[in-house]
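Chemist: Structural data only, the sequence is not supplied:
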């Protein structure tokens, strides 16, 4: 990561010492100014006394890399206000973008889910703050007669935060209040254990979503310029790096173990569509190549989505991704939108 | 401490300025209303009124929604014409009474007195009739966005941009409009400083007024607003002049309420934008994303390629919100451009004399002079004092805005008269 030039610090200091304090974390002037404004609004909202001292203290804390969302206690996610607490991963804008895109596809009926019977079941594994199931619920509840949304997470902290988020957003009026046949549930459970699957199998799940831990141990420990300082220091590794005690199936990499497990779960739950967030292009290629050997792949259709699935790509971003199947044949997959490859979207044959 | 010496007449002037509003109408077209109605206009009013009566008759026998709507529009003209005609006939009667030599002298003098009053009334009714004849602006029923940008020049213009922005915001608060700050952006180079009176160096600000019909109320405010004062940055006490551009754009009501609404997905609508024509850029495309980093950067920039219109938004923490705001802004700008183009086209088709009423963006429309405690609207030729009340969005501002609107309407009436006359010649 290039260092911040001293002239930028001087420039920031001229604006205000608070901007300069924020600069190490924000890295450019405009976002430092924006963050200062949001912090000011926050401080103004909680107290009227000792404002200056509190503000500069928060700016210094933020400047050392402490996540802004943990300071403010929330992150807007579409129309929702998602509470954030240390120990639970902060929702990312890319996640927001693909969740919107998924909701649009479902609403347009292009997945063939819920088209005839007006009923839809969505399950999200590794839900964290619960942002994905909540946003899908908010966007789809008007469209369906029956809508069942479930978030699953192993962490008790995440589960209690996700439940708090459901209540919080209903109270704020961002989530339509519950109607009969409309539910949002958060469940605590380890997806590598089979008990939870037995419970889930009692219902039908049309769509399966997951934003699992996908960062490699290598990148986590040695960085290599990929991991943000603030992420490594303050966000939970449980949500980011697959645990060491998880058994690795043959031919899978350690950072991809969650996808291996998610595919196995999918073959038991039989959803019509799956959407998984992934780390980068290489990981997408690896997972797609493993998937091509899986028994689910018969009659399936795969595409990958970039960071912003509904914007037009720039020149250097191809609209196709070259992958190889496990037996060495090459396969091209549609790549939607612009930005980095961010998620894999699979519709399964019936 | 003794107070600084102030000349006596100044003291008197200062004391009075709070109590009484000195309103001066300088000699211009707003004050000198034409004494009699143009015959072409009268003919138009009569024909419209006849149409209204016919419609009313047919509505009594059978109801039709389209006819009822048209009748409602024409009702204004018909009633205004009726009032005008009664006033006219009573004047004729009074005149004959006043001039009749056989009349009782007492009665004649009473008639003369009344004649004065009737004449004044007639003038008022004439104005009303004219206004009712001018077609409503195509966007009149819409909410609006007011955009503020400092003119060329330094910090002073930016500070005053903030003052203007606050002025309109206070006006909305006082009148109970739903106003929403879409954008409030400081100048990059100016620093975190503010002027001695607490003004921020604003680079661009956008105020959205969500009430229906707000466009009609605010459209008279569009143009260059000039300020003359001693800036807080000035060390030698010289008066500076700077300018702020205020643009008023139509906005579309959210959720779609009301009858004849704007449908943004309708390709015929002014607000329609083909999504293929818009390039959307986010500022965080480089490097790893997703779980690897946690950037708070939420800025978004949209470019409408056919017109080159650029909108950028970064006020909100949610990129989605910024995106929605940017779409809204882009739609309003494009709609306003399209309407402007249409008006220009229409002006070109008419004779060149008519296009004078067009307000172009470069025209200076108002001056705020701090030293003279004065605000002048150059189009209406209206001076008001008590500048602090104006800048607080008080009732003095209402007076100016009302005068500006009246001027606009009178210009539109003039255009109508010329058009009708041109039609009659053919």
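Modeler: The structure has been received and is ready for your questions. Everything numeric in this text was worked out from a predicted model, so none of it was measured.
Chemist: okay, CA-based contacts and neighbour counts for the rest of this
Modeler: Fine.
Chemist: need the contact list for residue 147.
Modeler: Just so you know, I chose chain A. A:119-122, A:137, A:141, A:181-183 (C-alpha atoms under 8 Å, 6 or more residues apart in numbering or on different chains).
Chemist: looking at chain B here, not the other one
Modeler: Counting by C-alpha under 8 Å, 6+ apart, residue B:147 has contacts B:204-207, B:245-249.
Chemist: quick one: the helices in the stretch 51-200 of chain A?
Modeler: A:51-63, A:68-72, A:93-108, A:131-140, A:156-171, A:195-200 (DSSP state H, counting those that start in this stretch).
Chemist: Distance to chain B added to those, as CSV?
Modeler: Compiled in CSV, those are given as follows (distance: least, C-alpha to the nearest C-alpha, whole Å):
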stretch, distance to chain B
helix A:51-63, 12
helix A:68-72, 8
helix A:93-108, 6
helix A:131-140, 12
helix A:156-171, 16
helix A:195-200, 26
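Chemist: Now residue 330. Nearest residue, chain neighbours left out?
Modeler: Picked chain A for this. residue A:324 (4.2 Å; C-alpha to C-alpha, 6 or more residues apart in numbering or on different chains).
Chemist: switch to chain B, that's the one I care about
Modeler: Nearest to residue B:330 is residue B:311, by C-alpha to C-alpha, 6+ apart, at 6.3 Å.
Chemist: In this structure that neighbour contacts residue B:326, no?
Modeler: Yes - taking contacts as C-alpha atoms under 8 Å, residue B:311 lies within contact range of residue B:326: 6.1 Å.
Chemist: Please enumerate the shared neighbours of those two.
Modeler: Common neighbours of residue B:311 and residue B:326 (C-alpha under 8 Å, 6+ apart) are B:301-302.
Chemist: ok, the two, which is more surrounded?
Modeler: residue B:326 (24 against 19; other C-alpha atoms under 10 Å in any protein chain shown).
Chemist: I'd assumed the more buried one was in a strand, is it?
Modeler: No - secondary structure of residue B:326 (DSSP: H, G, I helix; E, B strand; the rest coil): helix, not part of a strand.
Chemist: residue contacts, it?
Modeler: So residue B:326 contacts B:300-302, B:311-313 (C-alpha under 8 Å, 6+ apart).
Chemist: and if we set it to 10 Å?
Modeler: B:182-183, B:280, B:300-303, B:310-314, B:320, B:332 (C-alpha atoms under 10 Å, 6 or more residues apart in numbering or on different chains).
Chemist: Show the model's pLDDT score for it.
Modeler: As predicted, residue B:326 sits at a pLDDT of 92.
Chemist: For chain A, see how far away it is.
Modeler: 14 Å (C-alpha to the nearest C-alpha, to the nearest Å).
Chemist: Quick check: that residue vs residue B:319, distance?
Modeler: Distance of residue B:326 to residue B:319, computed by C-alpha to C-alpha, to the nearest Å: 10 Å.
Chemist: which residues do those two both contact?
Modeler: B:300, B:313.
Chemist: now residue B:401: how far from chain A?
Modeler: In this structure, residue B:401 and chain A are 33 Å apart, going by C-alpha to the nearest C-alpha.
Chemist: Could you check how many residues crowd around that residue?
Modeler: So residue B:401, with other C-alpha under 10 Å, has 19 neighbours.
Chemist: what's the helix or strand where it lies packed up against?
Modeler: Per DSSP states H and E, residue B:401 falls inside helix B:395-425. Counting contacts by 3 or more C-alpha pairs under 10 Å, 6 or more residues apart in numbering or on different chains; DSSP states H and E, helix B:395-425 is packed against helix B:39-61, helix B:105-133, helix B:155-175, helix B:214-218, strand B:364-369, strand B:374-377, strand B:382-385, helix B:387-391.
Chemist: possible to save those as TSV with distance to chain A?
Modeler: Output for the helices and strands packed on helix B:395-425, formatted as TSV (distance: least, C-alpha to the nearest C-alpha, whole Å):
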stretch	distance to chain A
helix B:39-61	41
helix B:105-133	44
helix B:155-175	14
helix B:214-218	26
strand B:364-369	29
strand B:374-377	33
strand B:382-385	36
helix B:387-391	25
